[in-house]
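Provide a 3D model corresponding to the input given below.
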Amino acid sequence: MEKFKEGQEQRIREAVQARVDQFAAHHFEFCCLVMGEPDAKEHIIEIGASILATKWEIGPSGGSFVQAIVDNDLTQSFARADNINVKAIPFYVSLLYNQGYIQ
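Reported below is the predicted structural model:
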């Protein structure tokens, strides 16, 4: 694994936050999750950033849920998801597919 470049980790988190807001604007159930559960948005941003870093092999690797998402392992993704992440899987899949590499 490579190390993050200076400021890269923060830029990734900012990109994930923008994608969370964009996804919530178009997906009612996700919006309710982000707005309705305390700390859900921050948790999703943290996991989303870990997913991207794991995909790009920079920084520390993510945990078993993150690895299952990156590996496109649907069964393990659901098996390892907490109560927030099980509802956010569609967002994470969209994030993986649509987010380009962030320097």
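
residue 41: neighbouring residues, count only.
For residue 41, the neighbour count with other CB atoms under 10 Å is 17. (C-beta placed from N, C-alpha, C; glycine too.)

if I pick residue 82, what's in contact with it?
residue 65 (CB atoms under 8 Å, 6 or more residues apart in numbering).

how far away is it from residue 40?
Per CB to CB, to the nearest Å, residue 82 is found 10 Å from residue 40.

C-alpha coordinates for the helix or strand bottoming out on mean pLDDT in the chain, PDB please?
Ranked by mean pLDDT, DSSP states H and E, the weakest helix or strand in the chain is helix 28-36, scoring a mean of 92. What follows is helix 28-36, C-alpha atoms only, in PDB (Å, rounded to 0.1, in the frame of the first residue of the first chain):
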ATOM      1  CA  PHE A  28     -35.400   9.400  -0.700                       C
ATOM      2  CA  GLU A  29     -34.600   6.400   1.500                       C
ATOM      3  CA  PHE A  30     -30.900   7.300   1.600                       C
ATOM      4  CA  CYS A  31     -31.800  10.900   2.400                       C
ATOM      5  CA  CYS A  32     -33.900   9.700   5.300                       C
ATOM      6  CA  LEU A  33     -31.000   7.600   6.500                       C
ATOM      7  CA  VAL A  34     -28.500  10.400   6.300                       C
ATOM      8  CA  MET A  35     -30.800  12.900   7.900                       C
ATOM      9  CA  GLY A  36     -32.600  10.600  10.400                       C
END
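
need the residues that contact that helix.
Here helix 28-36 has contacts from 20, 23-25, 40-41, 44, 84, 87-88, 90-91, using CB under 8 Å, 6+ apart.

if anything else comes up later, I'll come back, but that's it for now.
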